[in-house]
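# would you be able to build a 3D model of this:
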Amino acid sequence: MLLRTLGTAAGGGVPQWNCACPGCAGARPHPGWRRQHDCLAVLGDAPGAWCLVNATPDITTQLQGQPELRPAAGQKRTPLVRVLLTDAELDHTLGLFQLREADRIEVLATPPVRAALTEGLHVDRVLAPYTDLVWRDLPPHGEPPVDLSGLQVSAVPLSSKRPRYAAHADEHPAWSSAVRLHDPDSGTTALYAPALAAWSDTIEAAVADADAVFLDGTFWDDDEPRRTGISRRTATGMGHLPIDGPDGTASHLNGIGARCLYTHLNNTNPLVDPSAPQHKELAALGLAVAGEGMEISL
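The predicted structure is shown next:
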């Protein structure tokens, strides 16, 4: 199983078009600071056996930079695109519309996420004239997983946090999930969780069972959104458990055997600056930030 990060930023990317915070101002003249919306490509052994975790507004740019994700020799078009969704947020789903040139789009999602996209964003109705859109259930871990080119795929439900456009929808524990990817041949497992509202026994067990973990790194500390003026709520109030602090994710990941990388960084997070001292704090705990285009083989 080969994992490649196509993007590592939260909604808006870095720099965000309407923002002049230190992270955005620093990223404009320094390409090394820039981050696209978080997305993961999973590459299988067979030619064309790949899938995406989330479809972002940057998806066409992200795919153009990956030779393995282009049409194979002799093909005029990409026949099939598979997308696994962690949630129904706009920054993880708007790319579905940009993938409409594919002959077929196969989307794996939990029931509330599918309902939001079909009833709220009308994805089915909009894409029907362009491509064959096929839905498959993303089952919760513990039930029979979906087989994708030899990988066993399932969801780890994390929270009932809904996107704003679905604020009045019914609560469900799988509005936000981690995607679990297991390779039965190698026995290795990857976990992709870009949105984590709280630490629970569920995420504890999922992390302990994984060899590589991509985890919510939206905010460095809980007061960051209020301190930077982007919200009146704290990080946890916005549905993102911060990295630092007594109950931050870093304290839970310390000593974990898996390789742990933070993704979904907000533009206000000091970690978007490659020279920020917070990187050394993470390194001392055996943790790091996922880089754009980073590749991990499991």
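
# from residue 97, how far out is residue 57?
9 Å (Cβ to Cβ, to the nearest Å). The C-beta positions use only the backbone N, C-alpha and C, and glycine is treated the same way.

# looking at those two, which one has more neighbours?
Neighbours were tallied for residue 57 and for residue 97 using other Cβ atoms under 10 Å; the higher tally belongs to residue 57 (21 against 15).

# for the closest residue in space to that one that isn't next to it in sequence, give me phi and psi.
Take residue 57 and drop its neighbours on the chain: the residue closest to it by Cβ to Cβ, 6 or more residues apart in numbering is residue 94, 4.8 Å away. Main-chain torsions, residue 94, degrees, to the nearest 10: phi -60, psi -20.

# so which helix or strand takes in the residue nearest to residue 232 when sequence neighbours are not counted?
What sits nearest to residue 232 in space, not counting adjacent residues and going by Cβ to Cβ, 6+ apart, is residue 226, at 6.3 Å. Here residue 226, judged by DSSP states H and E, is contained in helix 224-227.

# so after that helix, what's the next helix or strand?
Next helix or strand after helix 224-227 toward the C-terminus (DSSP H and E): helix 249-253.

# now do the helices in this structure.
Assignment of helices within the chain using DSSP state H yields the ranges 22-27, 59-64, 90-93, 95-98, 111-115, 123-127, 201-208, 224-227, 249-253, 278-284.

# can you list contacts of the fourth one?
Defining contact as Cβ atoms under 8 Å, 6 or more residues apart in numbering, one finds that helix 95-98 is touched by 39, 54-60, 83, 105, 107, 117, 123, 126-127.

# of those, closest to residue 259?
The shortest approach to residue 259 among those belongs to residue 39, at 18.8 Å (Cβ to Cβ).

# coming back round to it: buried ones only from the contacts of helix 95-98, please, as a PyMOL command.
The following PyMOL line selects those of the contacts of helix 95-98 that are buried, judged by 16 or more other Cβ atoms under 10 Å:
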select buried, resi 39+54+55+56+57+58+59+83+105+107+117+123+127
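
# now for the contacts of helix 95-98, which pair is the farthest apart?
Based on Cβ to Cβ, the longest span within the contacts of helix 95-98 runs between 39 and 126 and measures 20.8 Å.
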